[in-house]
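K.L.:
Quick one, what's the 3D model for this:
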Amino acid sequence: MHLASLEIKYSGGSVLDVALTGTGVQGTVSLMPSQMTFALQLVGTTSSAQTATLTNTGSQTVNISNIQATAPFGETNNCPGALPPGNKCQIQVTFTPTQKGDANGTLQVRDDAKGSPQEVALSGTATEVKLSATSVNFGDQKVGTKSSTVPIKLTNVGTVALAISQIALTGNDPGDFSETNNCGTSVPPGGSCTIKVKFQPQKQGQRSADLSISDDGGGSPQQVGLFGNGT
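P.N.:
Predicted coordinates:
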């Protein structure tokens with residue numbers, strides 16, 4: 001509520017005061033979703049974009065002064081300087097990690113609407129472990145026989161040695177798959193090793209497992225999905 005008065009002076013010297021009152025109307029917006037979580041991302045690369053939507057939910061035009069995302073997150077948007085009532089715009093957010101481990105940030109929209117700045121919580125995890133495949137499908141394989149070997153290359157994109165504590169088969173049907181590797185317990189910076197996997201179904205039907213790599217490269221354990229059909 002705002003209070004004021006209007007003073008009117010007459011030529012005869014008398015003064016008439018008129019009380020004035022009014023209530024200011026402030027715009028309202030919504031920014032959705034309230035949080036974004038990005039999938040495991042290789043250090044030095046950029047994720048696919050996720051979309052946040054800013055909507056003017058009120059009856060007043062909202063003036064936008066600034067939109068930004070804190071590093072290692074970035075944004076681009078199609079939002080105008082003035083967003084009319086009922087209109088919306090989109091903000092594309094990406095994750096470009098520069099170091100391994102968990103990262104947190106904020107997408108922030110500053111405007112003249114109620115509750116400014118509006119914010120979206122951002123999070124993601126970065127890894128220095130690059131795998132040549134995220135999944136392997138062996139297709140059909142006769143029960144009790146072994147498939148051809150499929151190699152999976154592991155590369156350390158970091159600047160220090162990668163310590164590997166375990167490479168194992170986990171998931172639903174680990175006994176239907178096998179692996180051998182030359183990774184040892186450490187991979188030098190920029191170096192690589194090879195994990196060879198095979199499929200030997202013990203039963204008919206769809207079989208699956210995960211190749212799990214436990215290390216200190218960020219986002220451990222990294223996993224490669226293994227799939228096959230026993231015939």
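K.L.:
how near is residue 67 to residue 108?
P.N.:
Per Cβ to Cβ, to the nearest Å, residue 67 is found 7 Å from residue 108. Every residue, glycine included, has its C-beta placed from N, CA and C.
K.L.:
swap that for residue 77, sorry
P.N.:
Residue 77 sits at a distance of 12 Å from residue 108 (criterion: Cβ to Cβ).
K.L.:
Please work out how many residues are found near residue 229.
P.N.:
As a burial measure, residue 229 scores 16 neighbours (other Cβ atoms under 10 Å).
K.L.:
Which residue is the nearest non-sequential neighbour of it?
P.N.:
Once flanking residues are discounted, residue 229 sits nearest to residue 140: 5.0 Å by Cβ to Cβ, 6 or more residues apart in numbering.
K.L.:
Repeat that for residue 165.
P.N.:
Distances taken as Cβ to Cβ, 6+ apart put residue 214 closest to residue 165, at 4.7 Å, once the chain neighbours are dropped.
K.L.:
ok, the one you found touching residue 221?
P.N.:
Yes: contact criterion Cβ atoms under 8 Å: residue 214 and residue 221 qualify, at 4.7 Å.
K.L.:
Overlap of the contact sets of these two?
P.N.:
residue 166 (Cβ atoms under 8 Å, 6 or more residues apart in numbering).
K.L.:
so who does the most centrally placed residue in the chain touch?
P.N.:
In the chain, the centroid-proximal residue (Cα atoms, centre = their mean) is residue 38; its distance is 1.7 Å. By Cβ under 8 Å, 6+ apart, the contact set of residue 38 is 47, 50, 95, 122-125.
K.L.:
Serialize these to a markdown table and add fields for neighbour count and distance to residue 56.
P.N.:
Formatted as a markdown table, these follow (neighbours: other Cβ atoms under 10 Å; distance: Cβ to Cβ, whole Å):
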| residue | neighbour count | distance to residue 56 |
| --- | --- | --- |
| 47 | 19 | 28 |
| 50 | 18 | 21 |
| 95 | 26 | 28 |
| 122 | 23 | 23 |
| 123 | 14 | 27 |
| 124 | 22 | 29 |
| 125 | 18 | 34 |
